[in-house]
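Colleague: The following comprises the amino acid sequence and a computationally predicted model.
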There are 2 protein chains.
Amino acid sequence: MAAHKTKVTIFDVAKASGVSSSAVSYALNGKPGVSDATRAKVLKVARELGWKPNGAAQALAQSKTRRIGLVLGYDPQLLAVEPYMMSLISGLGAELEKQDYSLLVRLSMDGDEEEGIIQDWIATGNVDALLLLNLEIGDPRIDLMKHNPQMPTLALADASLTAGLPTLTSDDAGAVGIAVQYLYDLGHRRIARVAGPEELGHSYIRDAAFSQITTELGMRYRCLHTDYTPEAGADATKRLLSVSSAPTAIIYDNDVMALAGESQAAVLGVKVPDELSIMSWDDSFMCEAAHPGITALHRDIVGSGRMAAQLMLKLINGEEVGVEEESPYALKERESTAPAPKG
Amino acid sequence: MAAHKTKVTIFDVAKASGVSSSAVSYALNGKPGVSDATRAKVLKVARELGWKPNGAAQALAQSKTRRIGLVLGYDPQLLAVEPYMMSLISGLGAELEKQDYSLLVRLSMDGDEEEGIIQDWIATGNVDALLLLNLEIGDPRIDLMKHNPQMPTLALADASLTAGLPTLTSDDAGAVGIAVQYLYDLGHRRIARVAGPEELGHSYIRDAAFSQITTELGMRYRCLHTDYTPEAGADATKRLLSVSSAPTAIIYDNDVMALAGESQAAVLGVKVPDELSIMSWDDSFMCEAAHPGITALHRDIVGSGRMAAQLMLKLINGEEVGVEEESPYALKERESTAPAPKG
DNA sequence: TTGTAGGCGTTATCAA
DNA sequence: TTGATAACGCCTACAA
């Protein structure tokens, strides 16, 4: 309650309750080796004094920080543009909170600085585990972690990219199937995709799946790679719609681009969904708030965050983790998709 | 380069370079008390061995964690819905990165749990400073920090709410003036506002300013408080437009609600901007991507994050910080606002 | 059941 | 300029 000028240590608690520091330690960590009476007393005194173990001392003594590392790529524009990261953090944080773990966040200011941050964490022991995001093909981080198996690491990526590292994977190829089949069933035969950066692992996975499935179904398919920004989404849309025999449906890799694309269509006088169907890969409030509402591949990102946290805690605990799968995508139908126009 | 099975400590470096551990410590921290020759040698050896100071040990020895605490309110919906928090984190992280500080993030699962987290940080010493966000009127956190002046704390809120704590404030009242005057000049005389939760400090500040300025200008003004979600934004819009002599302009407290409101207007057959002007308080890609683009009060959130980080580093450094001001709002005109309709 | 003592890896003090 | 040595605060054998 009152402000404690000087930090209260385990010795203060020991003195105040008339026992030794070790008795206090035992009592507070719920370990055997101390009588119920003293334990109760110690707990009471500790509470009264407002004692909590000093984090650094505790970390030093048991080589455990109760922290999990997360590196965000620095691009405020991109980071803020997508609800994805914040949702993931919510899920991670919520689950970690239960076990009194926190999230240690750093920004990598340019591409490969992230490797340096990870090496720093390995050497300084500032985190107990870490999460790898946005893997690229042949990502150097995979190699780095392979060489440092003592650092529990979970990759959030398609299992084909993680070289056997503990992985939380999603069925992106399956989702491609759902989306394409849905459009096919609506009669669309010429579809396009406005994708994210080509070098990103999940772009690659989706690229491959789209090519394969559209070929199997005998559809025309075109793909433009962008940097995920709304400007790029609008621009790609314009280009796709400017040719003769333009696509009758466009799938966007994220919802910001889908929103920008929908606006662009309006500007061009192309009616959604009558003349053009629009779909978004991730689903969020934007798809809901847009007009017309945007049909999307929905997934539970917060849930993925929770799962990722649980898996990392398992790893820290020494348990084996192989490849786990996220909860699957589900198609959320809204007003932006309709049967393909005749002709 | 290679994987180091065992952690390398300062003693390993000392042994390998043939000096004592204290010499190593001096050399690596750039302190005097060691010859240039040995310093160079030690640095070389340390690099070769891949040595970095153990974080916990360092923190324990110098009572400095190089971490800054941030508590996020757990509501994945709300958190993800607004680009604000992620932008702020980008700014904070970018600036902290320069000084080798990191961000320690925890989620408060229900309202006043945040106090507990802060108390934990105070007692465990797990952060060197912390940032208070989303203050409410009479927020208990202010009191808490007043009683624990040893913990450097910066409040990101209107200075009138922070009881003299170091504060990074924004000129929300001024922004209200800009927005209202802008609409007034366009001929609007009946305006409405779709605001955030009433108990939030900045809602309160804006409420007061809106009331005052609209009264001064002799405008009709109505305000609905919501929970910031797109659903609430749409709903409020519907209610505002359903009465006779509906407002000719609506200002939303965030851009998600503005987007949802714009969609709702379309659904109701109300033309934006011909029959209804729409403005958003914060500006983001959503205002840009929307159709028509939404006029907004723009501010540099990433810049605020950077400033906040700098101020906290100052506080940690023992420097005085009073009340600093964010870079001001600027009106960003887009297509969603126009002269008020006749009648 | 309890207390003593050593270790975790740094930093910092103080003789040498 | 150096090298022991004592904090820092906690955990945990080990001894009493």
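Modeller: Received it, and whenever you're ready, just let me know what you need.
Colleague: rest of the way, CA atoms for contacts and neighbours
Modeller: Fine.
Colleague: wait, does the helix or strand A:Phe11 falls within make contact with DNA strand C?
Modeller: Per DSSP states H and E: A:Phe11 is located in helix A:10-17. No: on the criterion Cα under 7 Å from any atom of the strand, helix A:10-17 is out of touch with DNA strand C, staying 7.7 Å away.
Colleague: in the helix or strand just after that helix, what counts as buried?
Modeller: Helices and strands here follow DSSP H and E; after helix A:10-17, the next one along the chain is helix A:21-28. Within helix A:21-28, the residues that qualify as buried are A:Ser21, A:Ala23, A:Val24, A:Ser25, A:Tyr26, A:Ala27, A:Leu28, counting by 16 or more other Cα atoms under 10 Å in any protein chain shown.
Colleague: what pLDDT, on average, does helix A:21-28 get?
Modeller: Helix A:21-28 shows a mean pLDDT of 88.
Colleague: now stretch A:193-204
Modeller: 93.
Colleague: can you check stretch A:55-63 too?
Modeller: So the average pLDDT for stretch A:55-63 ends up being 94.
Colleague: Stretch A:255-271 now?
Modeller: Averaging pLDDT along stretch A:255-271 gives 95.
Colleague: So is stretch A:282-300 next to chain B?
Modeller: Yes: for stretch A:282-300, a contact with chain B is found by Cα under 8 Å from any Cα of the partner chain, at A:Phe285, A:Met286, A:Ala289, A:Ala290, A:His291, A:Pro292.
Colleague: what residues are up against the third one?
Modeller: Residues counted as contacts of A:Ala289 (Cα atoms under 8 Å, 6 or more residues apart in numbering or on different chains) are B:Pro230, B:Glu231, B:Val256, B:Leu259, B:Ala260, B:Ser263.
Colleague: if we look at stretch A:304-319, which residues are touching it?
Modeller: With Cα under 8 Å, 6+ apart as the contact definition, stretch A:304-319 has outside contacts at A:87-96, A:128-131, A:152-154, A:156, A:168, A:320-321, A:326-327.
Colleague: What residues of that stretch count as buried?
Modeller: Residues A:Ser304, A:Gly305, A:Arg306, A:Met307, A:Ala308, A:Ala309, A:Gln310, A:Leu311, A:Met312, A:Leu313, A:Leu315, A:Ile316 are the ones in stretch A:304-319 that count as buried (16+ other Cα under 10 Å).
Colleague: sorry, back to before: out of the contacts of A:Ala289, flag the one nearest to B:Asp100.
Modeller: Among the contacts of A:Ala289, B:Val256 lies closest to B:Asp100 (Cα to Cα), at 34.4 Å.
Colleague: so the closest one touches B:Ser284, yeah?
Modeller: No: assessed by Cα atoms under 8 Å, B:Val256 is found out of contact with B:Ser284, at 9.4 Å.
Colleague: For these two, indicate the residue with more neighbours.
Modeller: B:Val256 (30 against 24; other Cα atoms under 10 Å in any protein chain shown).
Colleague: Quick check: the gap between the more buried one and chain A.
Modeller: Shown here: B:Val256 relative to chain A, a distance of 8 Å by Cα to the nearest Cα, to the nearest Å.
Colleague: what helix or strand is that residue on?
Modeller: Using DSSP H and E, B:Val256 sits in helix B:255-268.
Colleague: quick revisit: select from the buried residues of stretch A:304-319 every entry located in helices.
Modeller: Here DSSP state H is the test, and those give A:Ser304, A:Gly305, A:Arg306, A:Met307, A:Ala308, A:Ala309, A:Gln310, A:Leu311, A:Met312, A:Leu313, A:Leu315, A:Ile316 as lying in helices.
Colleague: Shouldn't A:Ile142 be within a helix?
Modeller: Yes: secondary structure of A:Ile142 (DSSP: H, G, I helix; E, B strand; the rest coil): part of a helix.
Colleague: Run a quick neighbour tally on it.
Modeller: Other residues within reach of A:Ile142, judged by other Cα under 10 Å, total 21.
Colleague: I'd guessed it sits against A:Thr162; true?
Modeller: Yes: with contact defined as Cα under 8 Å, A:Ile142 counts as touching A:Thr162 (6.5 Å).
Colleague: Please list the residues of chain A that sit near DNA strand D.
Modeller: Within reach of DNA strand D by Cα under 7 Å from any atom of the strand, chain A has these residues: A:7-11, A:21-23, A:25-26, A:29, A:51-55, A:57-58, A:60-62.
Colleague: are any of those buried, and which?
Modeller: Buried among these by 16+ other Cα under 10 Å: A:7-10, A:21, A:23, A:25-26, A:51-55, A:57-58, A:60.
Colleague: And these, which is closest to B:Arg67?
Modeller: If you rank these by distance to B:Arg67 using Cα to Cα, A:Gly55 comes first, at 12.0 Å.
Colleague: tell me the contacts of the closest one?
Modeller: Contact analysis of A:Gly55 by Cα under 8 Å, 6+ apart lists A:Thr65, B:Thr124, B:Gly125, B:Asn126.
Colleague: now with 10 Å?
Modeller: Going by Cα atoms under 10 Å, 6 or more residues apart in numbering or on different chains, A:Gly55 touches A:61, A:64-66, B:56, B:59-60, B:65, B:120-121, B:123-127.
Colleague: From these, pick the one nearest A:Ala195.
Modeller: A:Arg66 (37.4 Å).
Colleague: Tell me the confidence at that closest one?
Modeller: 97.
Colleague: Quick check: it vs B:Met279, distance?
Modeller: 44 Å (Cα to Cα, to the nearest Å).
Colleague: Compare the two and say which is more crowded by neighbours.
Modeller: Neighbour count, other Cα under 10 Å: between A:Arg66 and B:Met279, B:Met279 has more, with 33 against 21.
Colleague: Perfect, I'm done here.
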